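Enquirer: task: produce atomic coordinates for the following.
(8 chains)
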Number of protein chains: 8
Amino acid sequence: MLAERPAVAIIMGSQSDWETMKNAADTLEALDIGYEARIISAHRTPDRLVSFAKGARDEGFQVIIAGAGGAAHLPGMTASMTALPVFGVPVQSKTLSGQDSLLSIVQMPAGIPVGTLAIGRAGAVNAALLAAAVLALHDEEIADRLDEWRARQSASVADYPIDEAP
Amino acid sequence: MLAERPAVAIIMGSQSDWETMKNAADTLEALDIGYEARIISAHRTPDRLVSFAKGARDEGFQVIIAGAGGAAHLPGMTASMTALPVFGVPVQSKTLSGQDSLLSIVQMPAGIPVGTLAIGRAGAVNAALLAAAVLALHDEEIADRLDEWRARQSASVADYPIDEAP
Amino acid sequence: MLAERPAVAIIMGSQSDWETMKNAADTLEALDIGYEARIISAHRTPDRLVSFAKGARDEGFQVIIAGAGGAAHLPGMTASMTALPVFGVPVQSKTLSGQDSLLSIVQMPAGIPVGTLAIGRAGAVNAALLAAAVLALHDEEIADRLDEWRARQSASVADYPIDEAP
Amino acid sequence: MLAERPAVAIIMGSQSDWETMKNAADTLEALDIGYEARIISAHRTPDRLVSFAKGARDEGFQVIIAGAGGAAHLPGMTASMTALPVFGVPVQSKTLSGQDSLLSIVQMPAGIPVGTLAIGRAGAVNAALLAAAVLALHDEEIADRLDEWRARQSASVADYPIDEAP
Amino acid sequence: MLAERPAVAIIMGSQSDWETMKNAADTLEALDIGYEARIISAHRTPDRLVSFAKGARDEGFQVIIAGAGGAAHLPGMTASMTALPVFGVPVQSKTLSGQDSLLSIVQMPAGIPVGTLAIGRAGAVNAALLAAAVLALHDEEIADRLDEWRARQSASVADYPIDEAP
Amino acid sequence: MLAERPAVAIIMGSQSDWETMKNAADTLEALDIGYEARIISAHRTPDRLVSFAKGARDEGFQVIIAGAGGAAHLPGMTASMTALPVFGVPVQSKTLSGQDSLLSIVQMPAGIPVGTLAIGRAGAVNAALLAAAVLALHDEEIADRLDEWRARQSASVADYPIDEAP
Amino acid sequence: MLAERPAVAIIMGSQSDWETMKNAADTLEALDIGYEARIISAHRTPDRLVSFAKGARDEGFQVIIAGAGGAAHLPGMTASMTALPVFGVPVQSKTLSGQDSLLSIVQMPAGIPVGTLAIGRAGAVNAALLAAAVLALHDEEIADRLDEWRARQSASVADYPIDEAP
Amino acid sequence: MLAERPAVAIIMGSQSDWETMKNAADTLEALDIGYEARIISAHRTPDRLVSFAKGARDEGFQVIIAGAGGAAHLPGMTASMTALPVFGVPVQSKTLSGQDSLLSIVQMPAGIPVGTLAIGRAGAVNAALLAAAVLALHDEEIADRLDEWRARQSASVADYPIDEAP
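Expert: Here you go, the predicted structure:
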């Protein structure tokens, strides 16, 4: 049944990116938004990439979250083959701390957009929140849950800092 | 009449950003998507920022495109006060070529997302295309126009490079 | 009684910034200058930010020290809503070592100044010393204590390096 | 007469920095705040530097604005020899666009603070505004003029961008 | 006739890259090595990319030179779909001077190599020379011509610098 | 017997580079391609460098893989004295994470090419794969083994990420 | 007796720099060259700096090695007050890995030179070797010892890498 | 006659570096110090490099100034083959503004020192001044001329900035 198709695809270049991208999954779960997580390597499995990207709309996905590190081509190449909104998460790379990942994802040429989030965990969380914001435009329940999530977040900020036990 | 409200707000920190952000406006026009462009300086008009960001959903906007340069706080601060999707465009700065703009926009902490596009003109065009992709999820006509736009773009790429007249 | 209001507000984006900003607090204490430390997240608690910044002068604060990391908007947004001097401390970020924090704070556009200090602990100490220098302009006792602090600092520099026990 | 001593010293490493630092002077003039501008090269006139920095408080200066480029040592060395607040302006350098100037000024070790502003013109304007904010703490007239300046600035931001004549 | 197939494919992301990549073509011509130049945009013509990359070996190409700028995905994606040696040329980008192009091309993950040359014109010339060096391993005539080219290059370096007419 | 000469030379600036360059050796072994690994310091053993580079072709090497860190001159200087293809591996440096190694290797002037791979381990693996791709042009067995290696690599990419045991 | 005055002064900004600068001392000792190591903080002990730099020639020093980190002003300020050759060592800083130290030392304006070495330990060793090279110009014994040191260094480079015990 | 041999060699990678390196020559002339300028390309004329570097001491040179851009290997390779002091000038490169030149020259490994000056013109002037400082250690006349040069430089710094005619 179409209504049960997960709305969000979370794709990543390798198993090692899951440690970062799991934060996107956890955030979507906290918002009760369906997702499916897959490993798709732009470089090692280009056929899988083509077939996923071209078929994503028909599979029922509405938003794609793509995380990759180094010369990160997954988000941009996915965006080149689907008209769905693609949000990119630069995974922190070992040698250059994700500066290469960030530039490889965000500096797309005019014509094919990738909405890029912060390097690492913060970016993965925010990709999920941005996906939720998009879905909320036409889903009152998600909109309400997102508003609540944001309100809880604001309320959870303490007024004063405290010394932490050493 | 609500249906006539433009779906996209294009905001920018100053008149000087218009040269860049106009590319977002032009792209939306090419896709026949309504927009409204405003100058809102996070630093020089903080009240205008608060009142815009808090009221954007009620004004009927569905997507916000925010462009700013240097210590670019407009996209992130807008996102902090609305649940609408916010897409940020780092305007090329004079001294650091937009590296400061990019980091100030993309490196948002977990909790408040800004989908960031490329520095400068390419980013402005792509912010419009990303907004279109979001709107297309629930608007078949926009979806069709976006597909056509993308198809035309692909078709317009020549097969062979040519020497340009000097 | 107004005279007892702390002269310096130390604000920071989150509890995790306290480890850095505590150095500002400790330095103010060493100079016997009153302060109050609060958590104000530009992104997660924008209302708290607006209300603090607009009311800071009436609360009796004379100098504001603001620390934040990543896309650090707290110092600049505070400065946009108060005429008090604002000194910014770029907190060392996980992925980019505070380069993003530094550029997000220091590259303010003409019109709204933030006096920016070094990334991390050194910046927090120095923000306190700079606040003291400002207060010392009209407070002889602080001026004397600051002079003594600086003299002690100079005197504490050994003439020769020594091998440290391994 | 002491009351007529200019409150702000604007110092710079060379005549070529004046193009940038003049913006600090112009801003102070707009606020009707007295200043004196001098060339003091940390490297080519170290004696002038020592004598200026050590004597600045006795000369009646209350705030020092120091601009320099490249391996910019003037702000930090001045701060090492005076307890007055020192605000540094990184002048845009030819080869590295002021990244060297910025790091040479802002990354001061704990103990000697320099409140650093943005690279180039924006930083020079803002150094003057920050000096005004400091002086305003004990000078109602300056406070009023600064508030008016800021209000005028906010009011001058147009609501909508306009296409500029080509 | 297979022997007449050009040995080198020069591909680039857009017509605007030709100004740079023409230097590779010119160098191959100077070495009398056949080539074919094509525009293949990884982002705007992904199908063309897949079909070129998968068919390049069968078309008779032995070496692929790929130039692209910004988030440059063309060299790496080509390499993911062919076992032929791929040499990448980072085209100088407008905002970040090719630093984004360089990192997007060179920082490939283990498994799919792209031999990367310098940013811009020098890189295009050298990609051709590296292709020649590869072809020379099994083509004595190319080896001889390459040796001569290098010898002429060495001989052309003047012993003493001369003042150029102003 | 000439046929038994290893086809690939792996040279590196010091014993400490072996930890990185061993990955090139391991990859060549996996592809059953002969190699010889030597330490040649451009700076500490310039004579060894000259004699190796000038004699490499006569020794029977067909491809040279050169790894070095910091101001990495080994790949470029080797390329200046041999017409064989040289592939450079920027070893991750302690202070600048290999950014210095990368720029010192990749930014060669027009005339002397070095095909540069990624910083660190990934670059070493890929240098071997690129050498294999070059050798495969005229060695069907290597071509088959490389195709198999690549196919195995693609097949080994799991479809879904899994939570790793903590 | 003048002849016994150490030829080299090693100065550094703080005790914490000694861990790095000790490598300069050790290298000078290996070459049997006299030195004296002192802590001189440009910022915390400016008087000590002035008095050292102006008196260094009269104290009999011939070469000054100066190490500092962050906004490293010690080498440049020393050079501004002595005509002796000054060699600067950028100490690796905590937040920016010594990039700030390097730019603060090397980017001196025309007129006051500092010969800058690599960041960290390598730079400290090399500052000593460069001092030795300078002294060797008029001291045959040092010249001989330096030649021997360099010859031993070349001879100590193994021909082949070895796997290290894990 | 040996005494008439120029004391300083100025070498550079290509004719195009002369525009920068001429400033070193002009400065030496102003100090009446003999020099000889030669083009030696590490990459295009490696034999010339070896023969120059190994013979420089016997030719009577006492100091070598080496300028190069991009992957600048000339200073370091020269230093590897001579015990004379070598001072490196990073020539401003087209794409990366000399950041590549700087890192390629300054980040030498422990064992082979290059005293590195600023990028571009300032570095060339300062290389000459540093060479003069070295020669002045054993040449009273040069020492006097250098002192005078420095004194004139200090005296030439105006006390106050002046508005330049537009």
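
Enquirer: pLDDT of whichever strand or helix holds residue A:49, averaged?
Expert: Using DSSP states H and E, residue A:49 sits within helix A:46-59. Taken as a whole, helix A:46-59 carries a mean pLDDT of 98.

Enquirer: may I have the very next helix or strand once past it as CSV, with CA atoms only?
Expert: Sequence-wise, the next helix or strand downstream of helix A:46-59 (DSSP H and E) is strand A:63-69. Below are the C-alpha coordinates for strand A:63-69, written out as CSV (Å, rounded to 0.1, in the frame of the first residue of the first chain):
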residue,chain,number,x,y,z
VAL,A,63,12.9,13.1,0.1
ILE,A,64,16.4,11.7,-0.3
ILE,A,65,19.1,12.1,2.4
ALA,A,66,22.5,11.2,1.1
GLY,A,67,25.7,11.1,3.2
ALA,A,68,29.2,10.6,1.9
GLY,A,69,32.8,11.5,2.7
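
Enquirer: hmm, strand A:63-69 in reach of chain F?
Expert: No: contact of strand A:63-69 with chain F (CB under 8 Å from any CB of the partner chain) is absent, the minimum separation being 10.3 Å. (Each C-beta comes from the backbone N, C-alpha and C, glycine too.)

Enquirer: where do the strands sit along chain A?
Expert: A:8-12, A:35-39, A:63-69, A:86-91, A:115-116 (DSSP state E).

Enquirer: closest to chain H out of these?
Expert: strand A:86-91 (22.0 Å; CB to the nearest CB).

Enquirer: which one of the strands of chain A is the most hemmed in?
Expert: Sort those by mean neighbour count, taking mean count of other CB atoms under 10 Å in any protein chain shown, and strand A:115-116 sits at the top with a mean of 35.

Enquirer: quick one: distance of that strand to the chain centre.
Expert: When distances are taken as CA atoms, centre = their mean, to the nearest Å, strand A:115-116 is centred 9 Å away from the chain's centroid.

Enquirer: report the central residue of chain A.
Expert: By CA atoms, centre = their mean, chain A has its centre lying nearest to residue A:65, at 3.1 Å.

Enquirer: tell me what it is bridged to.
Expert: As for beta bridges, residue A:65 partners with residue A:10, residue A:87 under DSSP bridges.

Enquirer: which residues does it contact?
Expert: A:8-11, A:21, A:24, A:35, A:86-87, A:89, A:124, A:127-128, A:131 (CB atoms under 8 Å, 6 or more residues apart in numbering or on different chains).

Enquirer: how many residues are close by whichever residue of chain A sits closest to chain C?
Expert: Nearest residue of chain A to chain C, counting by CB to the nearest CB: residue A:161, 3.7 Å away. Residue A:161 sits with 21 neighbouring residues when counted by other CB atoms under 10 Å in any protein chain shown.

Enquirer: give me the pLDDT value at the nearest residue to it once chain neighbours are set aside.
Expert: Distances taken as CB to CB, 6 or more residues apart in numbering or on different chains put residue C:18 closest to residue A:161, at 3.7 Å, once the chain neighbours are dropped. For residue C:18, the pLDDT comes out at 98.

Enquirer: surely residue C:18 meets residue A:158?
Expert: No: using CB atoms under 8 Å, residue C:18 makes no contact with residue A:158, being 10.1 Å away.
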